[in-house]
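J.: I'll drop the sequence and a predicted model, then ask my questions.
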Amino acid sequence: MTEMLEDIGVRLGGQFRGLIEARHPLAPLTTYRLGGSAALFVEPTDDRDLVLLKAALEGIEVPFLLVGRGSNLLVSEEGFPGLVIHLGPGFNWTKAVEGGAAAGAATPLPIFARWCADQGLAGIEFGVGIPGSVGGAVRMNAGGHGREIKDVVRSICVVDLGGADSELALSEIGLSYRRSALPDSAIVTAATFNLSGGDPEQLRQELAEITRWRREHQPGGAANAGSIFKNPEGDSAGRLIDESGLKGLRVGGAEVSTKHANFFLANEGATAEDISSLIGKVRLEVYERSGVVLEPEIRLVGEFAEWPAIGGAE
């Protein structure tokens, strides 16, 4: 593995303008601010760098992980034993297009939502409260306040490390609740959205209302990664956790928020293992009380202790 990672660095050579670094810490790239390092970290500056990276990976079998703003990731203390790819500043851009707007995959979704409001483009207001990138939001079909990405996305540009690069229409992305049909090897580099005309001042007021609502109903302060579990069909993960009497439950420095039960907080001294153990414990107790198996929305990266088994669902 070490030789393969070194070979990638050699293949990239002097033409690659982005960052290449061994043992790069991943905690600063996640909202939990927890976890270890990547064996090899590569940050392509722009499309040209990404083409070079794809060529360098040809014929090499190495595990890789694409990290955006890290708002739905929990990285283990041991880190990730492969290649981590983080898109650089050349993928952070916005522009108006006919019938909507486009953005680079590294553009923070809240910033894109605010930019659209300033341009009088309506439809993406819900994105102001989602702390991810445009690319990450597309990949997981992020949503909130009754809307989701599949309601507004028109097409995406994809660089596939294991296949052909392409531009995909909405019908080809395979978006469903908090997921897409994109293979792990596909890197979203840009997205175009269908948006309608609106009054900038009114849109800014709507953004302010969404922001106010989230501050009132979701925890601030301690680090978190937003919703831990997906909502079961016709129900709410937060409600199930709350009715199981689990608000305030702690494992080490990890705590179920008393403000919103589907948010797990990393208090001072918390470890990634604390968060993972709390997820497993809550999942088991909700199942024992309600018979519902909660499916994680957060993605765990690296090695963690196994969660308690749940009936025949494991």
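T.: That came through fine. Numbers count the residues shown, from 1 in each chain.
J.: buried residues in the one helix or strand residue 155 maps to?
T.: Taking DSSP states H and E as the criterion, the element that holds residue 155 is strand 153-160. Of the residues in strand 153-160, 153, 154, 155, 156, 157, 158, 159 count as buried by neighbour count, 16 or more other Cβ atoms under 10 Å. C-beta coordinates here come from the backbone N, C-alpha and C atoms, glycine included.
J.: nearest residue to the fourth one other than its sequence neighbours?
T.: In this case it means residue 156. Excluding the flanking residues, the one nearest residue 156 by Cβ to Cβ, 6 or more residues apart in numbering is residue 191, at 4.7 Å.
J.: which stretches of the stretch 1-150 of the chain form helices?
T.: Remark: helices assigned in the stretch 1-150 of the chain by DSSP state H, counting those that start in this stretch are 2-12, 47-57, 109-118, 134-139.
J.: would you mind finding the most buried of these?
T.: helix 134-139 (a mean of 28; mean count of other Cβ atoms under 10 Å).
J.: torsion angles phi and psi at residue 229?
T.: Residue 229 adopts backbone torsions of phi -120, psi 150, taken as degrees, to the nearest 10.
J.: contacting residues around residue 249?
T.: Residue 249 is in contact with 255, 256, 278, 281, 282, counting by Cβ atoms under 8 Å, 6 or more residues apart in numbering.
J.: before we move on, back to that, please name every helix or strand in contact with the following helix or strand past the strand holding residue 155.
T.: Counting by DSSP H and E, the next helix or strand C-terminal to strand 153-160 is strand 166-169. Under the contact definition 3 or more Cβ pairs under 8 Å, 6 or more residues apart in numbering; DSSP states H and E, strand 166-169 sits against strand 153-160.
J.: show the secondary-structure elements that the strand it packs on is packed against.
T.: Under the contact definition 3+ Cβ pairs under 8 Å, 6+ apart, strand 153-160 sits against helix 47-57, strand 166-169, helix 170-173, strand 186-194.
J.: hmm, who's touching the last one?
T.: I take that to be strand 186-194. Applying Cβ under 8 Å, 6+ apart, the contact partners of strand 186-194 are 47, 50, 66, 85, 87, 91, 97, 99-105, 123-124, 134-135, 138-139, 152-161, 163, 182.
J.: follow-up on the earlier one: out of the buried residues of strand 153-160, which is nearest to residue 238?
T.: Top of the list for closeness to residue 238, among these and by Cβ to Cβ, is residue 153 at 26.3 Å.
J.: give me the pLDDT for that closest one.
T.: In this model, residue 153 is scored at 98, pLDDT.
J.: again with residue 11
T.: Looking at residue 11, its pLDDT is 88.
J.: tell me the spacing between it and residue 55.
T.: Residue 11 sits 7 Å away from residue 55, going by Cβ to Cβ, to the nearest Å.
J.: how about residue 212, secondary structure?
T.: Three-state assignment for residue 212 (DSSP: H, G, I helix; E, B strand; the rest coil): helix.
J.: which ones are touching the closest residue to residue 93 other than its chain neighbours?
T.: The shortest distance from residue 93 to any non-neighbouring residue, by Cβ to Cβ, 6+ apart, is to residue 104 (4.4 Å). By Cβ under 8 Å, 6+ apart, the contact list for residue 104 reads 87, 90, 91, 92, 93, 94, 134, 189, 190.
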